[in-house]
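> Turn this into a structure:
(chains A and B)
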Amino acid sequence: MATVKLDAMGLRCPQPILKIAAKLPEMHDGDVLEVSGDCPTFEQDVRKWCERMRKTLLAVNHQGDARVAMIQF
Amino acid sequence: MSDNATLLESELFQQTLEVLSAAADGDLSARLELTSSEPEVQAFQAKINKLLLHFQEHTENYHNSSMELAMGLSECFQVMADVRSGNLDASVGELTTGSSEELIAKLGTGLNETIAEIREQIDTIERQRYAIRELSTPILQLWDNVLALPVIGLVDTRRSADIMERMLAEIVNQQSQFVILDITGVDVVDTRTADYFIKVIRAAELLGAQCFLTGIQPAVAQTLVEIGVDLTSLKTLRNLQEGLKECLRSGAQKEARDAKFARLGTGGKGKGE
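Numbers count the residues shown, from 1 in each chain, chains lettered A, B, ... in the order given. Below you'll find the predicted structure:
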């Protein structure tokens, strides 16, 4: 199981989600994707994405204006 | 105090500034309260509110539409990854195929149709493979108690396992006493192939069947000698005809022995009485 980092800082919806989607084929079961973003709807969008794609959102950490979402595949 | 200063300090101006600042920071839900008694000012405030509402609706629509696209693409990517890892039961869900976004709905539907076609083609290949397998290792009931396995072409691990599995099952089903493994149609035999034949014959013998290897081609015999394969432990005969003759001869001898034992058994019993 690997942890992959994805920088979506400065990107606006739906770019962070599209970046996550593009990472999908590289991820394996159990891998964790650590995505950082600062779009106002970032956290809400990531939560929706995880729900629809049946992925586990382990945590969303706040780092100033940025959010770091940990998604387990 | 100048007119400008009065305007800047007015409650109306402050409220407008607050609402517009919030909008500039991304919060388009704030609205101006229509408190002024002046109709022109109220109209101005209402226009600003209408503009904010328009922006809010437009932004929400854009966000929803973008998210719909992103979600649909994500699902298609997921399904493609699943299919690539061998899961042909994966399919794009109704949320995507029935999406209001035509592009993503068509992509999802197209992907599902492609998977269904691949599945159908794989089924066809599997059926053909099964048919080829059945045809490539026919088992013939050549005579009473005699099975023949004509082997044609190359014999690899998979095929040898097929031959062994089918032959052993047939020996048990038919209660056969003799098996002829005819390799007239085998042009190439290496140590591994020879080893397969030895194992197949040994396994048949463990079930009580007597085995003969027939039809070794001159070139194959030469190769076997050159590579040092020892087939002396196997009973080899020139061709299928010789194999059948040997089976019939051995069968007749066995019957004669059995009859003799039966007579001795009956005689012994009678003597004792």
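> Strands of chain A, residue ranges please.
Assigned by DSSP state E, the strands in chain A fall at A:3-8, A:32-37, A:56-63, A:66-72.
> And for the second one, what's in contact with it?
Translated: strand A:32-37. With CB atoms under 8 Å, 6 or more residues apart in numbering or on different chains as the test, strand A:32-37 has contacts from A:1-9, A:11, A:16, A:19-20, A:23, A:27, A:46, A:58, A:63, A:66-73. For glycine as for every other residue, the C-beta is placed from the backbone atoms N, C-alpha and C.
> Recalculate using a threshold of 6 Å.
Contacts with strand A:32-37, where a contact means CB atoms under 6 Å, 6 or more residues apart in numbering or on different chains, come from A:3-9, A:16, A:66, A:68-72.
> burial measure for residue B:197, as a count.
Neighbourhood size, residue B:197 [other CB atoms under 10 Å in any protein chain shown]: 23.
> For the host helix or strand of it, list every residue counted as buried.
Under the criterion of DSSP states H and E, residue B:197 resides in helix B:191-206. Neighbour counts over helix B:191-206 (16 or more other CB atoms under 10 Å in any protein chain shown) mark B:193, B:194, B:196, B:197, B:198, B:200, B:201, B:203, B:204 as buried.
> As CSV, the strands of chain A with mean pLDDT would be great.
As requested, the strands of chain A are exported to CSV (pLDDT from 0 to 100):
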stretch, mean pLDDT
strand A:3-8, 95
strand A:32-37, 96
strand A:56-63, 94
strand A:66-72, 95
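> deepest of the ones you listed, which one?
strand A:32-37 (a mean of 20; mean count of other CB atoms under 10 Å in any protein chain shown).
> Also compute the angle for that one relative to strand A:66-72, please.
160 degrees (axes from the mean of the first three to the mean of the last three CA atoms, to 10 degrees).
> Strand A:32-37 pairs with which strands, parallel or anti?
strand A:3-8 (parallel), strand A:66-72 (antiparallel) (DSSP bridges).
> and residue B:149, which of the three is it?
When classified by DSSP: H, G, I helix; E, B strand; the rest coil, residue B:149 comes out as strand.
> Any part of stretch B:110-129 near chain A?
No - Stretch B:110-129 is not in contact with chain A by CB under 6 Å from any CB of the partner chain; minimum separation 13.6 Å.
> export that stretch as CSV, just CAs?
The C-alpha trace of stretch B:110-129 is given here as CSV (Å, rounded to 0.1, in the frame of the first residue of the first chain):
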residue,chain,number,x,y,z
GLY,B,110,-20.5,3.5,-24.9
LEU,B,111,-18.1,2.0,-22.4
ASN,B,112,-20.7,-0.4,-21.1
GLU,B,113,-21.5,-1.5,-24.7
THR,B,114,-17.7,-2.0,-25.4
ILE,B,115,-17.4,-4.1,-22.2
ALA,B,116,-20.4,-6.2,-23.3
GLU,B,117,-18.8,-6.8,-26.7
ILE,B,118,-15.5,-7.8,-25.2
ARG,B,119,-17.3,-10.2,-22.8
GLU,B,120,-19.1,-11.7,-25.8
GLN,B,121,-15.9,-12.1,-27.7
ILE,B,122,-14.1,-13.7,-24.8
ASP,B,123,-17.0,-16.1,-24.4
THR,B,124,-16.7,-17.0,-28.1
ILE,B,125,-12.9,-17.5,-27.7
GLU,B,126,-13.5,-19.7,-24.6
ARG,B,127,-16.0,-21.8,-26.5
GLN,B,128,-13.7,-22.2,-29.4
ARG,B,129,-10.8,-23.0,-27.1
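> mind listing what's buried in it?
In terms of neighbour count (16+ other CB under 10 Å), stretch B:110-129 has its buried residues at B:111, B:112, B:115.
> tally of neighbours for residue A:43?
For residue A:43, the neighbour count with other CB under 10 Å is 15.
> One more: residue B:45?
Neighbour count for residue B:45, taken as other CB under 10 Å: 21.
> Next: residue B:213.
Residue B:213 is flanked by 21 other residues according to other CB under 10 Å.
> how far away is it from residue B:168?
16 Å (CB to CB, to the nearest Å).
> Next secondary structure after the helix holding residue B:197?
strand B:210-214.
> Kindly export that following strand (C-alpha atoms) in CSV.
Extracted in CSV, the C-alpha atoms of strand B:210-214 (Å, rounded to 0.1, in the frame of the first residue of the first chain):
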residue,chain,number,x,y,z
GLN,B,210,-1.6,-51.3,-19.4
CYS,B,211,-0.2,-48.6,-21.7
PHE,B,212,1.6,-48.6,-25.1
LEU,B,213,3.3,-45.7,-26.8
THR,B,214,3.0,-46.1,-30.6
